[in-house]
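Student: Predicted model follows, preceded by the sequence.
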Amino acid sequence: MIKVNPDSPQRPLRELALRLGKVVLVPTPRLRGQFYLLEPGRVDPVEASRISGFTRLGEVIDVESAPRIDLVVAGSVAVTLDGARVGKGEGFSELEYAMLREVGKVNDDTPIATTVHDLQVVDRIPSLPFDVPVDIVATPTRLHYVNPRRPRPPGLLLEFLTREKVERTPYLRNYLLRTGRYNLVGRPRGL
């Protein structure tokens, strides 16, 4: 099972995974708490790899129903060879990863890869505790394995969330209410 972000730069990777017989899981945009499950042999790899295709052909499942994930592919705007990455800046990749950790679908051993152009590999990216690092950087000219690996967030780090972000993300809001942690959003740890 491979979780691949829904953005167009990863379309060829979604297609390749399906052609190789891998089950692909694509999150719904903006953390709605659901995923499109794409099963090889049941969908056309080219059509199902497109945004218009996986939203039409994929089976919609919620995060708790998702199978255990063997590999995460995150989109990146820039990445370093020591595993730091930056996405589009909205934090959805980090929230997806945190939610998958919360419900036991990924753990510290689940590899995280990114695909970027060589020009997107930079020397330094500042990181915060909620940032999700990568283990594998794939460019058109090389495949780099990060060693040593950077620490990963253990799940949701509520002290870094704002009420505004939670309210704009209904699945996250409902999850925090259901688990009795909504009142901890934005509060420093230990309070």
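Tutor: Nice, I can see it.
Student: Show me which helix runs longest in the chain.
Tutor: Across the chain, the helix with the greatest residue count (assigned by DSSP state H) is helix 92-102.
Student: Would you point out which residue is most central in this protein?
Tutor: Nearest to the mean C-alpha position of the chain, counting by C-alpha atoms, centre = their mean, stands residue 93 at 4.3 Å.
Student: That residue and residue 3 touch, don't they?
Tutor: No. With contact defined as C-beta atoms under 8 Å, residue 93 and residue 3 do not form a contacting pair (10.5 Å). Every residue, glycine included, has its C-beta placed from N, CA and C.
Student: In contact with residue 66, which residues?
Tutor: Residues in contact with residue 66, defined by C-beta atoms under 8 Å, 6 or more residues apart in numbering, are 25, 35, 37, 100, 103, 105.
Student: repeat that with 7 Å
Tutor: Residue 66 makes contact with 25, 35, 105, according to C-beta atoms under 7 Å, 6 or more residues apart in numbering.
Student: so which of the residues you listed is the most crowded?
Tutor: residue 35 (27 neighbours; other C-beta atoms under 10 Å).
Student: Local confidence estimate at that one?
Tutor: pLDDT recorded at residue 35 is 91.
Student: and if you look at the one 10 residues further on?
Tutor: Model confidence at residue 45, given as pLDDT, is 97.
Student: what about the closest residue to it other than its chain neighbours, which helix or strand?
Tutor: Of all residues not flanking residue 45 in the chain, residue 18 sits nearest, at 3.8 Å (C-beta to C-beta, 6 or more residues apart in numbering). Using DSSP states H and E, residue 18 falls within helix 11-19.
Student: same for that helix, what does it pack against?
Tutor: strand 2-4, strand 24-27, helix 45-49 (3 or more C-beta pairs under 7 Å, 6 or more residues apart in numbering; DSSP states H and E).
Student: hey, where'd the helices end up in the protein?
Tutor: Here the chain has its helices, by DSSP H, at 11-19, 45-49, 51-57, 92-102, 163-167, 170-178.
Student: Pipe these into JSON lines and attach distance to residue 64 per row.
Tutor: JSON lines is the format used below for the helices of the chain (distance: least, C-beta to C-beta, whole Å):
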{"stretch": "helix 11-19", "distance to residue 64": "23"}
{"stretch": "helix 45-49", "distance to residue 64": "23"}
{"stretch": "helix 51-57", "distance to residue 64": "20"}
{"stretch": "helix 92-102", "distance to residue 64": "10"}
{"stretch": "helix 163-167", "distance to residue 64": "19"}
{"stretch": "helix 170-178", "distance to residue 64": "9"}
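Student: Between those, which one is closest to residue 65.
Tutor: helix 92-102 (12.3 Å; C-beta to C-beta).
Student: Quick one: distance of the closest one to the chain centre.
Tutor: Its chain's C-alpha centre and that of helix 92-102 lie 6 Å apart, by C-alpha atoms, centre = their mean, to the nearest Å.
Student: Leaving out chain neighbours, which residue sits closest to residue 182?
Tutor: residue 176 (4.1 Å).
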